[in-house]
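Chemist: Only the shape, not the letters, is given here:
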C-alpha cells in the first residue's frame, strides 16, 4: 500500500475538502435548488466522493474499536498504532482499508458502508452492484490484491470484513451474500463473536452499529 509522509493526516485532508467545498457551495448557490446551474449539479455529484471517503474512514475507525472491544488482549495495546496506519494513508491508495503488520498481530480488513434498499420475502438485501462489490472484497481477502504490497503471504494475515449496519438492515443482507459465497469455497466466512480463537483461514464479518 502506498503511503504519504508521516505528516500526512487523512482526517484533516477529508475535513478540509468537505469544509472548502460546502462553504463555496453555500456562497454561490444559497439553499434554493432553482439557483443551481448544471455546473453546480455536476460539482455536487463529484462532492459525493468526499462524503464516501469520510464515511468509510469513520466506519474503519469503528471497526478498530470493535476489534479492541472483542479482543482486548490482542488489539488494545496496538490500537493507536493501527489508527495511525489508517490516518497516514490516502483514501485513494491501493490496498486494503486496513493493512496492519506487527510482530504479534498482522491483519487486513475491508469496510463497506452500503445501505440495503431492496426488500423481498426474505428481508433486506443489497442491490446487484453492491453485492458484487462485497463479493470482490471477500475474494480479495482470500486471494490478495494485485496492487496491495503485503509483507507476508496472504495466509498469514487475520481477515475482517466490516459492514455498517444501517437501522438493522445490513445483517440480513450480508447473511444472504455470505451463504451464496460460502458454497463456492471452503474458507469459512463467519460473523465475529467476542472472545473466539481467531483463525487465519477464516474471514470474520464485523457488524458496525
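Modeler: Everything's here; your move. Quick caveat, the model's predicted, so the values are computed rather than measured. Numbering: from 1, shown residues only.
Chemist: Check the offset of stretch 146-164 from the chain's centre.
Modeler: The gap between where stretch 146-164 is centred and where its chain is centred comes out at 13 Å by Cα atoms, centre = their mean, to the nearest Å.
Chemist: List the buried residues of that stretch.
Modeler: Using 16 or more other Cβ atoms under 10 Å as the burial criterion, the residues of stretch 146-164 that qualify are 150, 154, 157, 158, 159, 160, 161, 162, 163, 164. Quick note: C-beta positions are derived from backbone N, CA and C, even for glycine.
Chemist: want to throw the residues you listed into CSV with secondary structure?
Modeler: Supplementary listing: those in CSV, determined by DSSP: H, G, I helix; E, B strand; the rest coil:
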residue, secondary structure
150, coil
154, helix
157, coil
158, strand
159, strand
160, strand
161, strand
162, strand
163, strand
164, strand
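Chemist: Pipe these into CSV and attach distance to residue 172 per row.
Modeler: Shown next, in CSV, are these (distance: Cβ to Cβ, whole Å):
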residue, distance to residue 172
150, 33
154, 29
157, 28
158, 25
159, 22
160, 20
161, 16
162, 17
163, 11
164, 14
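Chemist: looking at the protein, which helix or strand is least sure?
Modeler: For the chain, using mean pLDDT, DSSP states H and E, the weakest element among its helices and strands is helix 10-29, scoring a mean of 69.
Chemist: Check which element follows that one along the chain.
Modeler: Next along the chain after helix 10-29, taking DSSP states H and E as the criterion, comes helix 38-70.
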